[in-house]
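Chemist: Pasted the sequence and its predicted model underneath.
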Amino acid sequence: MITMQFIDLKAQQQQRLADEQSLREIVDARIAAVLDHGKYILGPEVAELEKRLAAYVGVEHCIAVASGTDALLIALMALGVGAGDEVITTPFSYIATAETIALLGAVPVYTDIDSRTYNLDPSKIEVAITPRTKAIIPVSLYGQPADFFAINTIAERHGLPVIEDGAQSFGAQQRGQRSCSLSTVGTTSFFPSKPLGGYGDGGACFTNDAEIAGLMRRISRHGQSRRYFHTEVGVNGRIDTLQAAILLAKLEVFDGEVACRQQIGERYSKCLQKAGVITTPYLELGNTSVYAQYTIQVDNRTSVQEHLKAYGIPTAVHYPLLLSQQPALQPFKSSSTSICSTPLAKSASERVMSLPMHPYLSERDQDQVVSAVTAALH
Ligand SMILES: *Cc1c(COP(=O)(O)O)cnc(C)c1O
């Protein structure tokens, strides 16, 4: 029996850098530095992280926040989304994408996905735009950017801002530009299992717009513009100094991890295609993926999952229910929902299955997964 992890968060700590230090040693030193200076809220590591992340993504402004969910909420608040507004998004995502819209009293309007990339199909968006539409949130699902070239063109025509939910795509590129720099605002998550994962919750907002950046920064800090003077209604959405320190350490190995993810993703696809698995991940021309998830489609998903489980190979389904089917979101429906049926998203939700994926997945483990999937399909 194999014992393989779906995402191995421990292996990376043993990674050695050029100077022979292990990542664990760098993390320990970074944590110790915070314990020594004691500035647990908005300590110097937060500003250092924001600077590093903005440079990495290639934008002017980064605001580090408490989670990927807060990043979305804060971006929506900064763009003035509120009661009665509509926000166009995908039904095929994690709950946070639509939950934050609903929290503000706005309504998520779902349009269908491209069945190959699982991302919003730009050609389905325009018909869903109404006078109440306030923003568009494409999700860069599984690690591949949505089609921002097409989506931004539509958004510009209607004067709408675009928020990229880049929680799964941090480090990916489109036409040489990094995810989170591809639209008005980009948001990401540092949840431990995300491509750039911390050791706890964290997230960030990115933009080139100074005014939106200022708003997002204040909103993430109780709308405070100077001490005990509050100009906006905000949230307590700051990232912890300790988490920023851990992320700074993890940035040291991030480029190498992205390269490993891409290599493993490509190898998986080559081997699975050889074994007759038809729907491996499809990369749009000009895109790279960081394979936050390596996701295939199968008939009889439950039986394939059980078969792999018997071999000790964990799998997961991202996501078995569409956001439009979630009980909590039923009260948040727009009158225009009827024109936005999403059959391709529905079909994907019934067929997708994610395989073990992390930068330290050995070739031996990859081969075990491939042969178990192959055996399950034949
Ligand atoms: C993980 C995730 C989020 C939420 O991020 P948290 O840091 O867990 O709050 C939002 N959107 C998508 C697509 C995600 O995968």
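Modeler: On my side now, so go ahead.

Chemist: So residue 369 is in contact with residue 356, correct?
Modeler: Yes: under the criterion of C-beta atoms under 8 Å, residue 369 makes contact with residue 356 at 6.0 Å. Glycine gets a C-beta too; all of them are placed from N, C-alpha and C.

Chemist: all helices of the stretch 101-250 of the chain, in order?
Modeler: Listed in chain order, the helices of the stretch 101-250 of the chain (DSSP state H, counting those that start in this stretch) span 148-157, 210-219, 241-274.

Chemist: Which of the ones you listed sits closest to the ligand?
Modeler: If you check each of these against the ligand by C-beta to the nearest ligand atom, helix 241-274 wins as the nearest, at 11.1 Å.

Chemist: What pLDDT does the model give the residue in the stretch 1-150 of the chain positioned nearest to the ligand?
Modeler: Of all residues in the stretch 1-150 of the chain, residue 68 sits closest to the ligand, at 2.5 Å by C-beta to the nearest ligand atom. Residue-level confidence at residue 68 comes out at 98, pLDDT.

Chemist: Spell out which residues of the stretch 151-300 of the chain are next to the ligand.
Modeler: On the criterion C-beta under 6 Å from any ligand atom, the ligand has as its neighbours in the stretch 151-300 of the chain the residues 165, 167-168, 189, 191, 201, 203.

Chemist: Just the ones in strands from those, please.
Modeler: If you go by DSSP state E, those have 165, 189, 203 in strands.

Chemist: of all the helices of the stretch 101-250 of the chain, which lies closest to residue 314?
Modeler: helix 241-274 (15.1 Å; C-beta to C-beta).

Chemist: burial count for the residue of the stretch 1-150 of the chain closest to the ligand?
Modeler: By other C-beta atoms under 10 Å, 28 other residues sit near residue 68.

Chemist: And this protein, what are its domain boundaries?
Modeler: Here the domain assignment for the chain is 11-111+119-248, 254-377, based on automatic domain parsing.

Chemist: Endpoints of the last one, how far apart?
Modeler: Okay, so that is domain 254-377. Between the opening and closing residues of domain 254-377 there is a gap of 35 Å (C-alpha to C-alpha, to the nearest Å).

Chemist: Mind checking the pLDDT average for that domain?
Modeler: Computed over domain 254-377, the average pLDDT equals 93.

Chemist: The closest residue to the ligand within the stretch 201-350 of the chain: neighbour count?
Modeler: Evaluated by C-beta to the nearest ligand atom, the stretch 201-350 of the chain has residue 203 as its residue closest to the ligand, separated by 5.0 Å. Look at residue 203: counted by other C-beta under 10 Å, it has 30 neighbours.

Chemist: ditto for the one 4 residues further on
Modeler: Around residue 207 there are 28 other residues, counting by other C-beta under 10 Å.

Chemist: Who are the contact partners of it?
Modeler: 59-61, 184-186, 213, 216 (C-beta atoms under 8 Å, 6 or more residues apart in numbering).

Chemist: Quick check: phi and psi on the residue nearest the centre of the chain?
Modeler: In the chain, the C-alpha nearest the mean C-alpha coordinate belongs to residue 167, at 1.7 Å (C-alpha atoms, centre = their mean). Per-residue torsions, residue 167: phi -60, psi -30 (degrees, to the nearest 10).

Chemist: rewinding a little: in strands, which of the contacts of residue 207 fall?
Modeler: Cross-referencing the contacts of residue 207 against strands under DSSP E gives 61, 185-186.

Chemist: one step back: who's in contact with the residue of the stretch 1-150 of the chain closest to the ligand?
Modeler: Residues counted as contacts of residue 68 (C-beta under 8 Å, 6+ apart) are 96, 165, 167, 187-191, 194, 203.

Chemist: Kindly recompute the last result at 10 Å.
Modeler: For residue 68, the set of contacting residues under the criterion of C-beta atoms under 10 Å, 6 or more residues apart in numbering consists of 94, 96-97, 100, 165-168, 170, 187-191, 194, 201-205.

Chemist: State the distance from residue 251 to residue 196.
Modeler: 7 Å (C-beta to C-beta, to the nearest Å).

Chemist: Of the two, which one has the most company?
Modeler: Taking neighbours as other C-beta under 10 Å, residue 251 and residue 196 compare with residue 196 leading, 21 against 15.

Chemist: ok, the more buried one touching residue 252?
Modeler: No: with contact defined as C-beta atoms under 10 Å, residue 196 does not reach residue 252; the gap is 11.5 Å.

Chemist: Surely residue 57 and residue 185 touch.
Modeler: No: with contact defined as C-beta under 10 Å, residue 57 does not reach residue 185; the gap is 11.6 Å.

Chemist: joint contacts of the two?
Modeler: When contacts are counted by C-beta under 10 Å, 6+ apart, residue 57 and residue 185 are jointly contacted by 166, 206.

Chemist: Which one's more surrounded, the two?
Modeler: Here residue 57 and residue 185 are set side by side on neighbour count (other C-beta under 10 Å), and the busier one is residue 185, at 31 against 23.

Chemist: Let me see the contact set for residue 139.
Modeler: By C-beta under 10 Å, 6+ apart, the residues touching residue 139 are 72, 89-90, 92-94, 96-97, 113, 118-120, 145-146, 163-169.

Chemist: Show me the beta-bridge partners of it.
Modeler: Partner residues in beta bridges with residue 139: residue 165, with DSSP bridges as the criterion.

Chemist: follow-up on the earlier one: got any residues that touch both of residue 251 and residue 196?
Modeler: If you check residue 251 and residue 196 against C-beta under 10 Å, 6+ apart, the residues they both contact are 53, 56.

Chemist: ok, which stretches of this structure are strands?
Modeler: Assigned by DSSP E, the chain shows strands spanning 61-65, 86-89, 107-110, 133-137, 163-165, 173-174, 177-178, 185-189, 203-207, 224-226, 229-230, 294-297, 352-355.
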